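> below is the sequence, then the predicted model.
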Amino acid sequence: MKASKNVYRKNFLLIISFLVLVSVTLVIALIVAYDLTSKNVESEFSSKKDDVLKATVSPYDIFFHNKIPEITYYNGMLDSASARKYVDSVFRDYSFVKRAVFYEILIGAPKADGGAKNKLGITPKAIYHYRPSHNKIIASKPYNAIDIDDFKHMADKLNDYIASYDTTRGPVQADVFRTFYDIKPGKISFLSIPRREDLKAYHELLKNRSLSLYPQQNMLTFSLDPYALKIKNTHPELYQNVTIVQIDYDPLDIDHTKIITDEVELPGAFLDYKLYFSSPRNYLTAETNRRFMPVAGIVLLIYTCLVVIGWLIYRNLNVNLKLFKLQYDFINNFTHEFKTPVSVIKIAGSNLKGDGELTERQRKHYGKILDEEADKLNELMNKLLSFTQLENKSINIKKDKINVEAFVKGYIDTFKIKYPDFNLSYHIKDVDFFYTDPVLLGSIFQNLIENAYKYSHPSHKELFIDITHEKRNILFSFRDRGIGIPKNELNNIFKKFYRLENQYNQNGSVGLGLAFCKELANFMDGDITVQSRVDQGSEFRVMLPYEN
């Protein structure tokens, strides 16, 4: 009954430990989730500005790609009245257009009196100015210098295009865009795109100077006001303020520890301006909290489920009583392995406390026996404990960077002191440093070196350790000249409590050494194999993942 209560208490503590671990994990999960949510909000502050830009400049894109090309539909036949009607529709639908200049253009043959070669005579017939809710103004000569500059620039582009026009291939879209559009800060000029037949006629006009005038072209120049763009803040949860400012706007009085800002350039004719985004950090904190609440709810739900599972485990602790009984059976089977050292200690103790006088040599002899048998008992207990920890996965791998040669030499020096008649040597190739758990690797070295000495003839106690680097692994080879292992026993030597029947394992061996090495190697994501021939020796090969 006492033992049963003891095991019950241990399992109860295990449940408590589980709940503590889950609670700590909950706190860590909440902290990590909040931190990730906060970083995600700040990341979106930088990335979602493109959505606001796209929504804000959408009317400009429609105006540029759809409305302006409508001029071409008139085939150069716009007059002041039809141009007024067209411009009124522009002012009505696109508030950022503040002014329009309409050009009626005449195209004639190159002048015969020394005119520039390959240059058509392109002249403005009339220029009209339009503003929202204003009557048109028909300009008379001399024309406004800015208007003339805009006209000359477009006329030169048209001349260059006609001079290089390939009548067999027709117009290329990229050339059309470069020729009939002119985009400047706050201004867009567009020349109606001639039909293919017109372009051929213009091209012929360069060669035949006898022709006089050709039907007119139309050109419009629109002046745009970026401040008239309507800002569409599609993410008000991220951006408290969105404004249009000049491209060089950079206020110096902003405290970036309290306010987060970002910016993005406007496209096309608004290139000298940008959208400027700003939000107080507590504004983003509120958004972080809003997004975090569902995540926190999920984490708490998972925590509740784990607590319920722990409670169910606690209710079923009686199952552990059966496990306890199995453990007792194991211990009862294991205790017979202690009989030999215990018996020897008992005999030595009886002789020491006997009535007969003992010589100094006898006392030392019995003391040595007691010390050796106590070491055997301690070794058995340590192996059993370590084996249990390995099977229960209660050992954590703690990797350190080790100097391979220093590590191996340390064990060799130790065993040379322990066994002066043991001939130990080693060779290392292509390996200097190695990340692993030195304690676990040391246990493998300890057991394999100890076995090499124990299961060798007195005249051939030799061991050679060879260490090489093979692809992604490191190979430790332990070759001895011992008694060897029969071929039919090779599949059994790594089993727990399995012992070969020979004259060398009658000293308290319980068959845990090699099984322990196998478990260690597997636990470290490696493996151990053996090759052996009777009376010629054995080679144990330990393969572990190599990390440098």
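On my side now, so go ahead.
> how about the CA coordinates for the helix or strand encompassing Glu104, as PDB?
Using DSSP states H and E, Glu104 maps to strand 97-108. Extracted in PDB, the C-alpha atoms of strand 97-108 (Å, rounded to 0.1, in the frame of the first residue of the first chain):
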ATOM      1  CA  VAL A  97      -8.300  69.000 -64.400                       C
ATOM      2  CA  LYS A  98      -8.100  72.700 -63.900                       C
ATOM      3  CA  ARG A  99      -7.400  74.000 -67.400                       C
ATOM      4  CA  ALA A 100      -7.500  72.800 -71.000                       C
ATOM      5  CA  VAL A 101      -5.900  74.300 -74.100                       C
ATOM      6  CA  PHE A 102      -7.200  73.200 -77.500                       C
ATOM      7  CA  TYR A 103      -5.100  73.500 -80.700                       C
ATOM      8  CA  GLU A 104      -6.500  73.400 -84.200                       C
ATOM      9  CA  ILE A 105      -3.400  72.400 -86.300                       C
ATOM     10  CA  LEU A 106      -2.800  72.700 -90.000                       C
ATOM     11  CA  ILE A 107      -0.300  70.400 -91.700                       C
ATOM     12  CA  GLY A 108       1.300  71.400 -95.000                       C
END
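> average pLDDT across stretch 222-240?
Stretch 222-240 comes out with an average pLDDT of 94.
> which stretches of the stretch 401-548 of the chain form helices?
Secondary structure of the stretch 401-548 of the chain (DSSP state H, counting those that start in this stretch): helices located at 404-418, 438-454, 513-523.
> thinking again about what came up before, mind giving me the packing neighbours of the strand holding Glu104?
Applying 3 or more C-beta pairs under 8 Å, 6 or more residues apart in numbering; DSSP states H and E, one finds that strand 97-108 contacts helix 80-93, strand 121-130, helix 145-163, helix 196-207, strand 213-224. Every C-beta, even on glycine, is put in place using the N, C-alpha and C of the backbone.
> quick check: what element follows the third one along the chain?
By that I understand helix 145-163. Downstream of helix 145-163, the next assigned helix or strand under DSSP H and E is helix 173-180.
> so what touches that following helix?
If you take C-beta atoms under 8 Å, 6 or more residues apart in numbering as the criterion, helix 173-180 is touched by 157-158, 160-161, 190-193.
> a markdown table for the helices of the stretch 401-548 of the chain, including distance to Leu199, mean pLDDT and mean neighbour count?
Putting these into a markdown table (distance: least, C-beta to C-beta, whole Å; pLDDT from 0 to 100; neighbours: other C-beta atoms under 10 Å) gives the following:
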| stretch | distance to Leu199 | mean pLDDT | mean neighbour count |
| --- | --- | --- | --- |
| helix 404-418 | 80 | 88 | 15 |
| helix 438-454 | 83 | 87 | 19 |
| helix 513-523 | 81 | 84 | 20 |
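> any chance of those helices in JSON lines with distance to Asp262 as columns?
Putting the helices of the stretch 401-548 of the chain into JSON lines (distance: least, C-beta to C-beta, whole Å) gives the following:
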{"stretch": "helix 404-418", "distance to Asp262": "52"}
{"stretch": "helix 438-454", "distance to Asp262": "50"}
{"stretch": "helix 513-523", "distance to Asp262": "51"}
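> ok, which of those comes nearest Gln536?
For the helices of the stretch 401-548 of the chain, the distance to Gln536 is smallest for helix 438-454, at 13.7 Å, taking C-beta to C-beta.
> that older thread, filter the contacts of helix 173-180 down to the buried ones.
With burial judged by 16 or more other C-beta atoms under 10 Å, the buried subset of these is 157-158, 161, 190-193.
> right, I'll call it a day here.
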